[in-house]
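One predicted model, sequence on top.
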Amino acid sequence: MQTKQEQFWSGEFGKDYTDRNSRNPEEWDKFYLENWGITKVALNEIFYADLDKDAKLLEVGCNTGMQLVGFQRSGFKNIYGVELQQYAAQKAKEFTENINIIQGSGFDIPFKDNYFDLVCTNGVLIHISPDNLPKIMDEMVRCSKRYISCWEYYAPETTTINYRGNSDYLWKADYAQLFLDRFSNLRLVKKEIYPYINQAESGNADCMCLLEKV
């Protein structure tokens, strides 16, 4: 049975989100520069510099594949994406080349234990209810033999945010710390907070982290 959030994102709201947030690589770079002052490709090259270009990478909740193409632009070759929404998964298959896109849920990732060198999310954990968050975190850790990474909306404490007039569909938190609190076999490799340039007074920020199994 799907969660309330899965049902929400699988429907028209999710489709509208996909249409509203689909960008080509140039637009995607501009979006990051305008919001955080750095492209996501540049961030990937900072955080994943030690990863071999033949490493297997999985993004959970890949939407139309913009982040996956970003990995490809950085020279990675074995790239996979799992996307819940059928519409977005189909768009991802049309948008990408030589990338493995699978429609599925982050609560039940269709890969064996330790299959990937890196499992990551980009703006996905923020849409998972805190009650259900442990399940997707467990799946991410299960499928990774080395690294876990995420880029998510940041707050020191888990905070509910109204999202376009809807409640129970957006949270911000310290997701790196939540992983560390739950898994004693993870260590923090790198963590940086990136404030929104155009929302400086609000204090809004995203955080990117890299964790490693030990």
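Done, it's in.

check contacts around the residue nearest to Thr160 when sequence neighbours are not counted.
Leaving aside its chain neighbours, Thr160 sits nearest to Trp171 (5.7 Å; criterion: Cβ to Cβ, 6 or more residues apart in numbering). Glycine gets a C-beta too; all of them are placed from N, C-alpha and C. Going by Cβ atoms under 8 Å, 6 or more residues apart in numbering, Trp171 touches Ile126, His127, Ile128, Ser129, Pro130, Tyr153, Thr158, Thr159, Thr160, Ile161.

please redo it, this time with the cut-off set to 6 Å
The neighbours of Trp171, taking Cβ atoms under 6 Å, 6 or more residues apart in numbering as the test, are Ile126, Thr158, Thr160.

again with Val82
Val60, Ile102, Gly104.

I'd guessed the first one sits against Gly106; true?
Yes: under the criterion of Cβ atoms under 6 Å, Val60 lies in contact with Gly106, with a separation of 4.3 Å.

what does the worst-scoring helix or strand of the chain on mean pLDDT contact?
Ranked by mean pLDDT, DSSP states H and E, the helix or strand of the chain with the weakest confidence is helix 4-10, at a mean of 88. Helix 4-10 has contacts (Cβ under 6 Å, 6+ apart) with Gln85, His127, Ser129, Tyr169.

can you put those residues in JSON lines and add pLDDT, distance to Glu26 and neighbour count?
Putting the contacts of helix 4-10 into JSON lines (pLDDT from 0 to 100; distance: Cβ to Cβ, whole Å; neighbours: other Cβ atoms under 10 Å) gives the following:
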{"residue": "Gln85", "pLDDT": "94", "distance to Glu26": "24", "neighbour count": "21"}
{"residue": "His127", "pLDDT": "94", "distance to Glu26": "26", "neighbour count": "21"}
{"residue": "Ser129", "pLDDT": "95", "distance to Glu26": "35", "neighbour count": "15"}
{"residue": "Tyr169", "pLDDT": "91", "distance to Glu26": "30", "neighbour count": "19"}
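
Might you list the low-confidence residue ranges for the protein?
Scanning the chain for pLDDT under 70 picks out no residues.

Show me where it has its strands.
Secondary structure of the chain (DSSP state E): strands at 56-60, 78-83, 100-103, 116-122, 144-153, 159-160, 171-172, 186-195, 205-213.
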